[in-house]
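K.L.:
sequence plus the predicted model coming up.
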Amino acid sequence: METESVRMESSVWLGNKRQRALLSGWRFSWTELDKKNRDKTTVSVPVSEVVAVQEGQVEILPQKKVKDTERDFTLFYVKRSKTSGGKGPLWSLGRSQFSCPSRDLRDQWVTQLRIALKTHCPSRPHRLLVFINPYGGKKKAQQIYHSTVAPLFELAGISSHVVVTERANQARDHILKKDLIGFDGVICVGGDGMFSELLHGVIGRTQQEAGISEHDPSAMLQPCDLHIGIIPAGSTDCVCFATVGVNDPVTSALHIVIGDSQPLDVCSVHHRSTLARYSVSLVGYGFYGDVLAESERHRWMGPLRYDYSGCLVYLCNRSYQGIVQYLPVDSQITSPRDNSRCLSGCKVCSESTERLFHRSESCSSLYSRQLGQYSIESEGEWVSVEGRFRCVYLTCMSSSCPRSPKGLSPSAHLADGTGDLILVRNTNPLGFLTYLHRHTTTQDQFDLPFVEVHRVRAARFCFSPGEEEDDEDHLKESHNITAGALGDPETAREGDEESGRLGSQQCLAGKQRDQGIKEDGRKKRDYLCGLCSNKQSAASVWNCDGEILPYNEISCRVHGQLVRLFARGIEDDAGSGKYREGNRNCKGRCFLHS
Ligand SMILES: CCCCCCCCCCCCC/C=C/[C@@H](O)[C@H](COP(=O)(O)O)NC(C)=O
Ligand SMILES: Nc1ncnc2c1ncn2[C@@H]1O[C@H](COP(=O)(O)OP(=O)(O)O)[C@@H](O)[C@H]1O
Ligand SMILES: [Ca+2]
């Protein structure tokens, strides 16, 4: 039950303008007085979006009191500015400095606003564990954190423990093994690879504590309590972009500060009875696998490596034979082609909360919910498709990113317990280019005769008889994958040093890097010869959220709302009119606990 809202009202000054300030209904608003009625404007800030209230006239960056008159207080809050092209709004820190008629009144305002914050926003984080990858994206993560994020955390009274990583998988191992008592969330400053480390750490730890084996493909995984936050500083920043709507460090920091919560579907990927990895954005074979394998050789290029590799791989014109099987969701209920868009407060996702988790009558907290079972065996029949594909991929969410603002599957949902399986059959080069190009335009990329899309709970991939790929060693050899790059959860968990050393080779610097470039030249020629030649391996590799999997035959299963992010989904922005019509399905306040 919501407690009664705090109420207070008085006149205050904002600069030289007199205002009527009102705290009521969990909103703080101010309206200019002494103005003709017609022009009166009211600024209204929900208490849930107030970042801090401080005595005096305060600036941040650097944080200091510019003037400490005893009648002033400063309000910091979330301010939005519009963006174009279907993105979410950018958030920045709004600041208003008020002067009260007396010190007494000022003290009352500060007290009441802080009480309102405490009662209305009990789930804001107080203490965070922050992992910074100094080598991600354009290598600016440390600078981004210290110059723009840390001051916001400090302002909001959040204390943080910062770990600058020295090797790949350090963040994951820290979460798996170290004491996390007292932390309200884990944050990564980096790209999708860093997010993936946190994801594996948080899911792995939760299953360990619940005594659930992650290797069992049919296990019902335990949902994770510890929230994950992403400060985007990587190459693709797909998870951030698709859950927040923009890749902007300040916007993301503010979502963390105000304790936003967005559940997220996660796909588990198994090879027989071994957990290969978890994925949220892309489990892709063919084109996407080849692009990733190629791009690893050009890491020194930074984010540009994907464009460069994309062109090379496109020119190679490959397709792959195989069998895809999937467990479809009733297409009458939900479809990847219904033209809807999963937005903040999405009704499809909130209805899924009920479906995914049968809640006992007495429990009102999402965290004490009982697990509902999405029984794979009892829900419908597996469908099998055999053919020659340009690419096959599964995504649990839209996977929008700056490169493709509407994403791999524009109508996918963040938290509906399903994923979208996309099958792109072999076609001529122009056809495939048209398909790729439509990711960047408003045209429907699924409206092509060689493309199929299905909303599924599970999917698996195997070779057609007679097309079996050789063993794993061959896979590693033909794609020049090292053990470290594979990020095998088991080896890494036991032999950290080993995986760390190999992992950091991906981020060579200085002399080492130059040597790497020369090496790269040779490897690139070898690799491309292999990629373009028909004699070479008939197999591609799986790209799992930016990591190459060491297996080719895999089975995937979507676990609804397995983790929670400090985010709220993409806010409907008036500027993004294009999708608005389809939004009917996706309105209404989300997630019953919020
Ligand atoms: C002619 C125009 C071609 C446009 C092609 C558009 C394709 C859109 C690709 C979107 C991919 C989104 C899935 C995200 C995957 C990330 O996890 C992964 C890893 O990203 P990271 O390096 O950690 O930031 N990135 C890639 C490209 O595989
Ligand atoms: N200190 C480090 N040295 C080497 N690799 C690291 C380090 N810290 C993290 N990594 C790894 O680097 C990879 C890429 O990082 P990420 O932040 O996702 O950047 P990008 O988006 O550019 O790929 C991740 O998979 C992560 O495991
Ligand atoms: Ca989903």
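P.N.:
Perfect, I can see it now. Ligands and ions are numbered 1, 2, ... in the order given.
K.L.:
list the beta-bridge partners for the closest residue to I132 other than its chain neighbours.
P.N.:
In this structure, I132 finds its nearest non-sequential neighbour in V189, 4.4 Å apart by CB to CB, 6 or more residues apart in numbering. The C-beta positions use only the backbone N, C-alpha and C, and glycine is treated the same way. On the basis of DSSP bridges, V189 is bridged to I132, I231.
K.L.:
what number of residues lie near V189?
P.N.:
Using other CB atoms under 10 Å, V189 has 32 neighbouring residues.
K.L.:
could I get the host helix or strand of R205 in PDB with only the CA atoms?
P.N.:
Here R205 is covered by helix 192-210, with elements defined by DSSP states H and E. C-alpha atoms of helix 192-210 as PDB (Å, rounded to 0.1, in the frame of the first residue of the first chain):
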ATOM      1  CA  ASP A 192      28.300  -5.500 -24.400                       C
ATOM      2  CA  GLY A 193      31.200  -7.700 -23.500                       C
ATOM      3  CA  MET A 194      31.500  -6.200 -20.100                       C
ATOM      4  CA  PHE A 195      27.700  -6.400 -19.600                       C
ATOM      5  CA  SER A 196      28.000 -10.000 -20.500                       C
ATOM      6  CA  GLU A 197      30.600 -10.600 -17.800                       C
ATOM      7  CA  LEU A 198      28.200  -9.100 -15.200                       C
ATOM      8  CA  LEU A 199      25.300 -11.100 -16.500                       C
ATOM      9  CA  HIS A 200      27.300 -14.300 -16.200                       C
ATOM     10  CA  GLY A 201      28.500 -13.400 -12.700                       C
ATOM     11  CA  VAL A 202      25.100 -12.400 -11.400                       C
ATOM     12  CA  ILE A 203      23.200 -15.400 -12.900                       C
ATOM     13  CA  GLY A 204      25.900 -17.900 -12.000                       C
ATOM     14  CA  ARG A 205      26.100 -16.700  -8.400                       C
ATOM     15  CA  THR A 206      22.300 -16.700  -8.000                       C
ATOM     16  CA  GLN A 207      22.100 -20.300  -9.300                       C
ATOM     17  CA  GLN A 208      25.100 -21.400  -7.100                       C
ATOM     18  CA  GLU A 209      23.300 -20.000  -4.000                       C
ATOM     19  CA  ALA A 210      20.000 -21.600  -5.000                       C
END
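K.L.:
tell me which element the residue of the chain found nearest ligand 3 falls in.
P.N.:
Closest to ligand 3 within the chain is D265: 3.9 Å, counting by CB to the ion. Element membership of D265, judged by DSSP H and E, is strand 262-271.
K.L.:
picking up where we left off before, count the neighbours of the closest residue to the residue of the chain closest to ligand 3 other than its chain neighbours for me.
P.N.:
In space, D265 comes closest to C396 once its chain neighbours are excluded; the distance is 4.1 Å by CB to CB, 6+ apart. Counted with other CB under 10 Å, residues neighbouring C396 total 31.
K.L.:
and V163, by the same measure?
P.N.:
14.
K.L.:
cool, and S281?
P.N.:
30.
K.L.:
and if you look at the one 5 residues further on?
P.N.:
By the other CB under 10 Å criterion, the neighbourhood of G286 contains 26 residues.
K.L.:
mind telling me what element the residue positioned nearest the centre of the chain is part of?
P.N.:
The residue lying closest to the centre of the chain (CA atoms, centre = their mean) is V239, at 2.6 Å. For V239, the enclosing helix or strand under DSSP H and E is helix 238-244.
K.L.:
the helix holding R205 and ligand 1, are they touching?
P.N.:
Yes. Using CB under 6 Å from any ligand atom, helix 192-210 reaches ligand 1 at 192-193.
K.L.:
pull out the buried positions in stretch 118-128.
P.N.:
Going by neighbour count (16 or more other CB atoms under 10 Å), the buried part of stretch 118-128 is 120-121, 124-125, 128.
K.L.:
now do that stretch, average pLDDT.
P.N.:
What stretch 118-128 shows for mean pLDDT is 96.
K.L.:
what residues does this protein have near ligand 2?
P.N.:
So far as CB under 6 Å from any ligand atom goes, the chain lies against ligand 2 at 133, 135-137, 165-169, 190-194, 197, 234-236, 503-504, 506-507.
K.L.:
what's the closest non-adjacent residue to R124?
P.N.:
G259 (3.8 Å).
K.L.:
could you pick out the residues of the stretch 351-500 of the chain near ligand 1 for me?
P.N.:
When proximity is defined as CB under 6 Å from any ligand atom, the stretch 351-500 of the chain approaches ligand 1 at 399, 401, 403-404, 408, 436-437, 439-440.
K.L.:
I'd assumed G86 was in contact with P405.
P.N.:
Yes. Using CB atoms under 8 Å, P405 is in contact with G86, at 5.5 Å.
K.L.:
let me know the angle separating the helix or strand that the helix holding V239 is followed by from strand 262-271.
P.N.:
Following helix 238-244 in sequence order, the next helix or strand is helix 249-257 (DSSP H and E). In terms of direction (axes from the mean of the first three to the mean of the last three CA atoms, to 10 degrees), helix 249-257 departs from strand 262-271 by 100 degrees.
K.L.:
for the helix holding R205, give the mean pLDDT please.
P.N.:
Per-residue scores along helix 192-210 average to 97.
K.L.:
so for that helix, what gets flagged as buried?
P.N.:
Buried, per 16+ other CB under 10 Å, within helix 192-210: 192-207.
K.L.:
same question, stretch 242-253
P.N.:
242-253.
K.L.:
including pLDDT and distance to S29, could those go into a markdown table?
P.N.:
A markdown table is the format used below for these (pLDDT from 0 to 100; distance: CB to CB, whole Å):
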| residue | pLDDT | distance to S29 |
| --- | --- | --- |
| A242 | 96 | 33 |
| T243 | 97 | 29 |
| V244 | 96 | 26 |
| G245 | 95 | 25 |
| V246 | 95 | 26 |
| N247 | 94 | 31 |
| D248 | 96 | 26 |
| P249 | 97 | 29 |
| V250 | 97 | 24 |
| T251 | 98 | 23 |
| S252 | 98 | 27 |
| A253 | 98 | 25 |
